[in-house]
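Colleague: A predicted structure for the sequence below; I have some questions about it.
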Amino acid sequence: MHTRFLLLGAISAFIGVAAGAFGAHALEVRLSSDLLAVYETGVRYELFHAVALLVVGLAADRWPKAGWGRAGWMFLFGTILFSGSLYVLALTGARALGAVTPLGGLCFLIGWSLAAVAATRSGPPDSQAETA
C-alpha cells in the first residue's frame, strides 16, 4: 500500500506544480485578483498534501501496522474536494462549489488527526531484519 501513496503523492505534486505554472502564466491576466487568490489557495494546499502523501507512503512502509493508510486516504480525498473545488470555482465562477470546499478541509483535518494517531503507534521498525 505504501507505494500507492508514493505514486499518488508524486502525481499530486506534478498536478500542483503544473496548476501553479498555469495559474501564474495563463490565468494571471484572465482572472480577477480574488479568483486568482482562490486558485492559488487550491495549488498551495495540493502541494502541501502531496508532500504529506509522500510522507505517508514512507511511514506506511516503515510502520505498516500503525494505520498511516487512513491518513493518506483522507489527504487524497481532501485534495480532490478542497483543491478541486477551488480550481473549478476559480475557472468557472460556479459559487455553488464553495459548499464542497469545507468538506475537503474536514478531510484534511481528519487526515492530520489520523496521522497523529499513527505517529503514536509508530515505534521502532520490526527488528526481524536486524536479527536475520
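Modeller: That came through, no problem.
Colleague: ok, which stretches of this protein are helices?
Modeller: Applying DSSP state H to the chain gives helices spanning 2-22, 33-62, 68-78, 84-92, 101-121, 128-131.
Colleague: Could you identify which of those helices is most buried?
Modeller: helix 68-78 (a mean of 23; mean count of other Cβ atoms under 10 Å). For every residue, glycine as well, the C-beta is placed using N, CA and C.
Colleague: now that one against helix 101-121, angle please.
Modeller: 160 degrees (axes from the mean of the first three to the mean of the last three Cα atoms, to 10 degrees).
Colleague: CA-only coordinates of helix 68-78, as CSV, when you get a sec.
Modeller: Below are the C-alpha coordinates for helix 68-78, written out as CSV (Å, rounded to 0.1, in the frame of the first residue of the first chain):
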residue,chain,number,x,y,z
TRP,A,68,-0.9,5.5,8.1
GLY,A,69,-3.1,4.5,5.2
ARG,A,70,-6.2,6.0,6.7
ALA,A,71,-4.5,9.4,6.9
GLY,A,72,-3.3,9.0,3.3
TRP,A,73,-6.8,8.4,2.0
MET,A,74,-8.1,11.5,3.9
PHE,A,75,-5.3,13.6,2.4
LEU,A,76,-6.2,12.4,-1.1
PHE,A,77,-10.0,12.9,-0.6
GLY,A,78,-9.2,16.3,0.9
